[in-house]
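Undergrad: Please find the sequence and the predicted model below.
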Amino acid sequence: MVLVIVVAVLALLAGLAANRWLRPRLLNVDDTEGMAVKDLVGPLLTMTILLLSFVLVTANGSYGRAENASRGEARALDQLVETADYAPKAEQAIVQADAACYARAVVAQEWPAMSDGNGSAAPSVWSTDLRKSFKNVVGQPVFGMLVAADNKRSDERDERLTQASSSIPSTIFWFLLATLVITVAALGVCLPRKNNRGQLITLIVITALMTTALLIIRDVDRPFGGVIDVAPTAITDVQHQAERDFTANHPGTDLPCDTDGNRRTA
């Protein structure tokens, strides 16, 4: 970082020195002639657009990974519920009940917490119960399938929680905002003072587009909060499926959790 700053400062000093001592020898022009402010705004506008585009692609990639992890977790949990059909009756009941409660806890507690980049300990209660129940089927063919599905679920949940945190540091966001302000202000300085309706409309459109791009970056960078968010649709579908399977296989038995995924107390 220090090296970049030093090189940039040296380049600036070299440019100023060249302007003072080399320019008279290289160019046969008056000292008052040269680039106007409007000539410098073009590169500034190009840099701003490139920065916004690059960061938008980065934020969109994080959003895509969050969505894929959410769907992958739901598929793994669904596979876990279906695999439980091959387990003995007692273990089948535990796995399907824990899977339903896990999904409830994810939807009701962890999903809202992820809007702020946080997780919840509630789903871990049921994932721990799941792994404990596997001990009862060690040595049986179903054991390996249950463990594989649960490992996949755990990996996808970890990825989901990772993507809940902002992938773009706040420093970069504020730098983009400052760049946008400087660019718009510089464009405003270069506008003619009279007969400028067309230029004003263009400036307003450019400002609106760049502002919208920055707002989209901010929103997409928080995939579980904001306007453009990843909804818990997939995990909710699995929750309902697990509840139906549990009710069908164990009629008259209640799930060991409430609607928010908290363990019921006696």
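TA: Cool, the structure landed. Numbers count the residues shown, from 1 in each chain.

Undergrad: which residues in the stretch 1-150 of the chain form helices?
TA: 2-17, 23-26, 37-83, 89-105, 111-114, 122-134, 141-164 (DSSP state H, counting those that start in this stretch).

Undergrad: I'd like to know which of those helices is closest to residue 226.
TA: Nearest to residue 226 among the helices of the stretch 1-150 of the chain is helix 37-83 (10.2 Å), distances taken as C-beta to C-beta. Placement of C-beta: from N, CA and C, glycine included.

Undergrad: I'd like the average pLDDT over that closest one.
TA: Helix 37-83 carries an average pLDDT of 85.

Undergrad: one step back: distance to residue 172 and mean neighbour count added to the helices of the stretch 1-150 of the chain, as a markdown table?
TA: What follows is the helices of the stretch 1-150 of the chain, written out as a markdown table (distance: least, C-beta to C-beta, whole Å; neighbours: other C-beta atoms under 10 Å):
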| stretch | distance to residue 172 | mean neighbour count |
| --- | --- | --- |
| helix 2-17 | 15 | 9 |
| helix 23-26 | 36 | 10 |
| helix 37-83 | 7 | 17 |
| helix 89-105 | 34 | 24 |
| helix 111-114 | 21 | 20 |
| helix 122-134 | 31 | 18 |
| helix 141-164 | 17 | 18 |
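
Undergrad: Now distance to residue 200 too, for the ones you listed, in JSON lines please.
TA: Shown next, in JSON lines, are the helices of the stretch 1-150 of the chain (distance: least, C-beta to C-beta, whole Å):
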{"stretch": "helix 2-17", "distance to residue 200": "33"}
{"stretch": "helix 23-26", "distance to residue 200": "35"}
{"stretch": "helix 37-83", "distance to residue 200": "15"}
{"stretch": "helix 89-105", "distance to residue 200": "54"}
{"stretch": "helix 111-114", "distance to residue 200": "42"}
{"stretch": "helix 122-134", "distance to residue 200": "54"}
{"stretch": "helix 141-164", "distance to residue 200": "41"}
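
Undergrad: quick one: which of the ones you listed is nearest residue 211?
TA: The minimum distance between residue 211 and the helices of the stretch 1-150 of the chain falls on helix 37-83, with 10.0 Å, by C-beta to C-beta.

Undergrad: Tell me which other helices or strands that closest one touches.
TA: helix 89-105, helix 141-164, helix 170-190, helix 197-220, helix 233-249 (3 or more C-beta pairs under 8 Å, 6 or more residues apart in numbering; DSSP states H and E).
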